[in-house]
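Q: Provided below for reference: sequence and predicted model.
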Amino acid sequence: MGNGPFRFVSRRSGDRWVFEANPDYPEGLGGRPLLDRFVWRVIPENAAQLTEIRVGEVDVVLQPRPGEVRELAEREDLRAAVMPSREFSFIAWNGRRPPLDRAEVRRALAMAIDRSALLRGIRHGFGVLAAGPIMPFHWAYAEDVGPLPVDPDSARALLSAAGIQDRDDDGVLELADGLGLHAGAQVSCGQRCEPGPGGGDPRRPGRARRAGLHPGHGVHHPGRRRDLRRPPVRRGAAGLDRRFPAGPARPLPLGRPGGALPVRVVRQPGGRLPAGPRGPGG
C-alpha cells in the first residue's frame, strides 16, 4: 500500500511503523530507495532514545537535547547532522492590551532582551538570530533587514517616552497606574532545548534589569503552555509577566529558520537519504 518511495507494511500501536522499499518508484523522482526496509520507532523518552542509539538498536535519533549532541558526535560511529528548518521560536506580545498595543513599547522590550543569551543558554548555540519569520531560503526573505540590536539604554528611553518611568527610584519602571513593568518569559522546551550550564542561565537579569524591567524567566515543558494560556492568564508561548487576557499576538522571532535546527544524530557510515535529498523545508 502506498505510491511513495516506501510502502506500508505493518503498524504496532504506540511502538513502531514498518515500511518497505517501493521497487516501482519512478527513476525521475529518485528511483528505488537505497533501504529495503524502514522502521519508524516510537520512543517518547529522550534518555531511552539515546540509549537505543548508543547500543546500536536504532540508526537515527531526531532532535536530541542540544547538550547531548556534541557528546554523541564525539563517538566514531555517530555523527550529528544539522540542517535548515522552516521552524522558528518567537516571543508573542499581546497587542490587544496596553501597553503592548504600542509599537514603540514592543520595540523597547525587544531591544531589552538578550536573545543571543537565550540561544546560548537554552539551545546551546544550535540556531541563529532572526530578523523575522521568513526563512533565508524563501524568495521573500529581505537580506537588508537584520535583527534588532540589544540596546537597554535605547529601550529605557523609548519606554520613558511612552510614559513608563521609574516613579519611585527603585530601579524598576512603572506604568502610569504605578504597577511595575515585569518582563518575564516562560520558554516552552521539549527535545530541542534545555538550560545548559555551559551556555549561561537564560533567567539571568542582565540587560533587562539595566533597561529598568523586572525580569523573571522560566523554562517549562510544552505541556505547561496549556496551563499558562488558561483564563485569566493567557500569555501564549511567551510574554510579559502581567496578566493580560487573550488577544492577537505580535511575534518577535528568536531563532531564524534555516539556522542550525533541527539536529539529527546518525549512525555512521553516512550516505544519502534513501528517498533522495530533502530540501530546506524537508
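A: Received it, and whenever you're ready, just let me know what you need. Residues are numbered from 1 along each chain as shown.
Q: Looks like residue 163 contacts residue 174 (just checking).
A: No: assessed by Cβ atoms under 8 Å, residue 163 is found out of contact with residue 174, at 9.7 Å. All C-beta spots, glycine's among them, are computed from the backbone N, C-alpha and C.
Q: okay, those two: which has more neighbours?
A: residue 174 (18 against 13; other Cβ atoms under 10 Å).
Q: so what's that one closest to, chain neighbours aside?
A: Nearest non-adjacent residue to residue 174, counting by Cβ to Cβ, 6 or more residues apart in numbering: residue 167, 4.7 Å away.
Q: So, low pLDDT: which residues of the stretch 151-282 of the chain?
A: For the stretch 151-282 of the chain, the stretches with pLDDT under 70 are 180-282.
Q: Residue ranges of each domain in this structure, please.
A: Partitioning the chain according to automatic domain parsing yields domains covering residues 6-85+260-267, 90-253.
Q: how near is residue 18 to residue 30?
A: Distance of residue 18 to residue 30, computed by Cβ to Cβ, to the nearest Å: 21 Å.
Q: How about residue 110?
A: Look at residue 110 and residue 30: by Cβ to Cβ, they are 43 Å apart.
Q: between the two, which one's more packed in?
A: The neighbour count for residue 110 versus residue 30, taken as other Cβ under 10 Å, is higher for residue 110 (20 against 16).
Q: ok, how many other residues are close to residue 7?
A: Close neighbours of residue 7, defined as other Cβ under 10 Å, add up to 17.
Q: Correct me if wrong: it contacts residue 23.
A: No: taking contacts as Cβ under 8 Å, residue 7 lies outside contact range of residue 23: 9.2 Å.
Q: Now the closest residue to residue 40 other than its chain neighbours, what are its backbone angles?
A: Sequence neighbours aside, residue 17 is the residue nearest to residue 40 in space, at 4.3 Å (criterion: Cβ to Cβ, 6+ apart). The phi/psi pair for residue 17 (degrees, to the nearest 10) reads phi -120, psi 140.
Q: Now do the same contact list for residue 17.
A: The contact partners of residue 17, by Cβ atoms under 8 Å, 6 or more residues apart in numbering, come to 8, 10-11, 39-40.
Q: In strands, which of those fall?
A: Cross-referencing those against strands under DSSP state E gives 8, 10-11, 39-40.
Q: among those residues, which ones are buried?
A: Buried by 16 or more other Cβ atoms under 10 Å: nothing, out of these.
Q: Same list (these) but as a markdown table, adding distance to residue 52 and pLDDT.
A: Shown next, in a markdown table, are those (distance: Cβ to Cβ, whole Å; pLDDT from 0 to 100):
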| residue | distance to residue 52 | pLDDT |
| --- | --- | --- |
| 8 | 23 | 94 |
| 10 | 20 | 95 |
| 11 | 19 | 95 |
| 39 | 12 | 94 |
| 40 | 13 | 94 |
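Q: Name the nearest of these relative to residue 159.
A: Nearest to residue 159 among the ones in strands among the contacts of residue 17 is residue 40, at 49.9 Å by Cβ to Cβ.
Q: hang on, that closest one packs against residue 16?
A: Yes: between residue 40 and residue 16 there is a contact under Cβ under 8 Å: 6.3 Å.
Q: With distance to residue 125 added, can I get the contacts of residue 17 in TSV?
A: Shown next, in TSV, are those (distance: Cβ to Cβ, whole Å):
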residue	distance to residue 125
8	39
10	40
11	38
39	32
40	29
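Q: Nearest to residue 55, out of these: which one, please.
A: Checking these against residue 55 with Cβ to Cβ, the nearest one is residue 39 at 15.9 Å.
Q: doesn't residue 16 make contact with that closest one?
A: Yes: contact status for residue 39 versus residue 16: in contact at 5.7 Å, counting by Cβ under 8 Å.
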